[in-house]
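[1] Quick one: sequence plus predicted model below, questions after.
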Amino acid sequence: MIAFWVVAGVLSALCAGLILWSSARAAAAGDADPTTALYRRQLREIDDLADRGLIPESERAVTHAEAARRLLAAADGAQAPWISDPGRRRWSLVAAGLAPLLALGLYFAVGSPGMGDQGFKTRIAAWRALDPEHLTAPQMAVVLQALIKERGGDPEAYGFLAQAQMASDNPDGAARALRRAIELAPERADLWEALGEVLLAQSEGQVTPQARKAFQEAVKRDPTAVSARFHLARAEVEAGDRRAGLAAWRGLADELPAGDRRRAAVERAIAAAQNQPAPQELDDGQMAAVQGMVATLAARLEAAPDDAEGWVRLVRSYAVLGDAARRDETLTKAKARFAAQPDVLKALDLAAKTEPMR
């Protein structure tokens, strides 16, 4: 490493000397303007072509006059003389020689000239010896590529590589990894869904035909794939079939629990497609408080099951939360208990039809 920097410094000094030597030669050549010589040669060439019959006399006169005009303009133009001061040249030479020497001295002072070369293979070996939690995303991607090359890849390895590539802001590499994973496990819906999301990132959020195909393959293998269904519905809306897209979104929202953040995202998309204000979303603390109150009501009714109004409120609460399973279970239990009271049964049915929280 030290030898390299010494050679680099010497080469820098030689280059600076060569530039100064060339400048000195130009200064010694005098102040003659080469432009006038160029136009004089052009005049001679015009005359030669005309004498040989290669251009007509009319064209000779026009081109001759133009070249003569340019020659006169060049001859009349004031040219700044080249000032060659030997004292300035000496200081320039000293500065050119000192610059690489100072740079080399600074490197010896603050650098690490004794450090050996860190080859790429050496760095990979060092990264592999570290805890993966201490690696950056690009380092993790390199380590995974090395492991796959050594041991052969499986769908899981390529899936992890795709995640590392995405975290490294390399969607092209992530797409290649996922396509290889799909070649090994074409029936895995999660790989198709991940590929569609990577293709979305490549196209800056646009559902391209390739992304749509990937999402369709995901839904074909797993009809409950949330992300794939969401983006396929968005593609319908963007293509102009808003009714079909909204219907798909509403069906997806109805299947997700009320506290699921994915449901909130679907509801915001529905509101945006209908030019309506986005629904207000409860934060985790507020949702936990609501669920705690509902759980307290359910526990009280288990201890005192004859409270008809309490059962109506519990059914309505589950309906508002979007918990269809508990709503239906509670409704069935309450109807069995109050089968002889038509007014209560009617109130229970109305409570079960309450719209879920948006």
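    Nice, I can see it.

[2] quick one: residue 130 from residue 142, how far?
    Counting by CB to CB, to the nearest Å, the gap from residue 130 to residue 142 is 12 Å. Just so you know, the C-beta spots here come from the backbone N, C-alpha and C atoms, and that holds for glycine as well.

[3] Pick out whichever of the two has more residues nearby.
    Neighbour tally, residue 130 and residue 142, criterion other CB atoms under 10 Å: the higher count belongs to residue 142, 20 against 11.

[4] and the more buried one, what does it touch?
    Residue 142 makes contacts with 124, 127, as judged by CB atoms under 8 Å, 6 or more residues apart in numbering.

[5] Then residue 50?
    By CB under 8 Å, 6+ apart, the contact set of residue 50 is 57, 60.

[6] how close does it get to residue 61?
    9 Å.

[7] just residue 232 next, same as before
    77 Å.

[8] Counting neighbours, go ahead and name the busier of the two.
    residue 232 (22 against 12).

[9] can you list the residues that contact the helix or strand hosting that one?
    Using DSSP states H and E, residue 232 falls within helix 226-238. The list of residues contacting helix 226-238 from outside it, by CB under 8 Å, 6+ apart, reads 189, 192-193, 196-197, 200, 207, 211-212, 214-216, 218-219, 222, 242, 244-246, 248-249, 252, 256, 262, 265-266, 269, 273.

[10] Distance from it to the middle of the chain?
    How far helix 226-238 lies from its chain's middle: 21 Å, per CA atoms, centre = their mean, to the nearest Å.

[11] Quick check: mean pLDDT of that helix?
    Averaging pLDDT along helix 226-238 yields 92.

[12] any idea which helix or strand comes after it?
    Next element after helix 226-238 (DSSP H and E): helix 242-255.

[13] buried ones in the helix or strand following that following helix?
    The helix or strand immediately downstream of helix 242-255 is helix 261-273, counting by DSSP H and E. For helix 261-273, a neighbour-count test (16 or more other CB atoms under 10 Å) marks 263, 264, 265, 266, 267, 268, 269, 270, 273 as buried.

[14] quick one: low-confidence parts of the stretch 151-300 of the chain?
    Applying pLDDT under 70 to the stretch 151-300 of the chain picks out residues 259, 277-287.

[15] Residue 157 touches residue 148, doesn't it?
    Yes: shown here, residue 157 and residue 148 form a contact pair, counting by CB atoms under 8 Å, at 5.4 Å.

[16] Backbone dihedrals for residue 239, please?
    Taking degrees, to the nearest 10, you get phi -80, psi -10 for the backbone angles of residue 239.

[17] An error on my part: the question was meant for residue 53.
    Reported as degrees, to the nearest 10, the phi and psi values for residue 53 are phi 80, psi 20.

[18] Quick check: it vs residue 252, distance?
    87 Å.

[19] and those two? which has more neighbours close in?
    Neighbour count, other CB under 10 Å: between residue 53 and residue 252, residue 252 has more, with 21 against 8.

[20] residues touching the more buried one, list them.
    Shown in contact with residue 252 (CB under 8 Å, 6+ apart): 226, 229, 230, 233, 266.

[21] again, 7 Å this time
    Going by CB atoms under 7 Å, 6 or more residues apart in numbering, residue 252 touches 226, 229, 230, 266.

[22] Point out the other helices and strands that the helix or strand hosting residue 300 packs with.
    Applying DSSP H and E as the criterion places residue 300 in helix 284-303. Judged by 3 or more CB pairs under 7 Å, 6 or more residues apart in numbering; DSSP states H and E, helix 284-303 is in contact with helix 308-321.

[23] The helix it packs on: what's the following helix or strand?
    That would be, after helix 308-321 and using DSSP H and E, helix 324-337.

[24] Report the angle between that following helix and helix 308-321.
    Calculated by axes from the mean of the first three to the mean of the last three CA atoms, to 10 degrees, helix 324-337 forms an angle of 160 degrees with helix 308-321.

[25] for the next helix or strand after helix 324-337, packing partners?
    For helix 324-337, the succeeding helix or strand toward the C-terminus, using DSSP H and E, is helix 342-352. With contacts taken as 3+ CB pairs under 7 Å, 6+ apart, helix 342-352 sits against helix 308-321, helix 324-337.

[26] mind listing what's buried in the first one?
    In other words, helix 308-321. 308, 310-321.

[27] For the residues you listed, work out which two are farthest apart.
    Distance extremes for these: the farthest pair is 308 and 321 at 20.9 Å, using CB to CB.

[28] Run a quick check on residue 100 versus residue 12, I expect a contact.
    Yes: with contact defined as CB atoms under 7 Å, residue 100 and residue 12 form a contacting pair (3.8 Å).

[29] what's the distance between the most centrally placed residue in the chain and residue 199?
    Taking CA atoms, centre = their mean as the criterion, residue 169 is the residue nearest the geometric centre of the chain, at 4.9 Å. Counting by CB to CB, the gap between residue 169 and residue 199 amounts to 15 Å.

[30] Over to residue 230?
    Residue 230 sits 15 Å away from residue 199, going by CB to CB.

[31] For these two, work out which one has more neighbours and name it.
    residue 199 (24 against 19).

[32] mind checking the SS state of that one?
    Here residue 199 is recorded as helix under DSSP: H, G, I helix; E, B strand; the rest coil.
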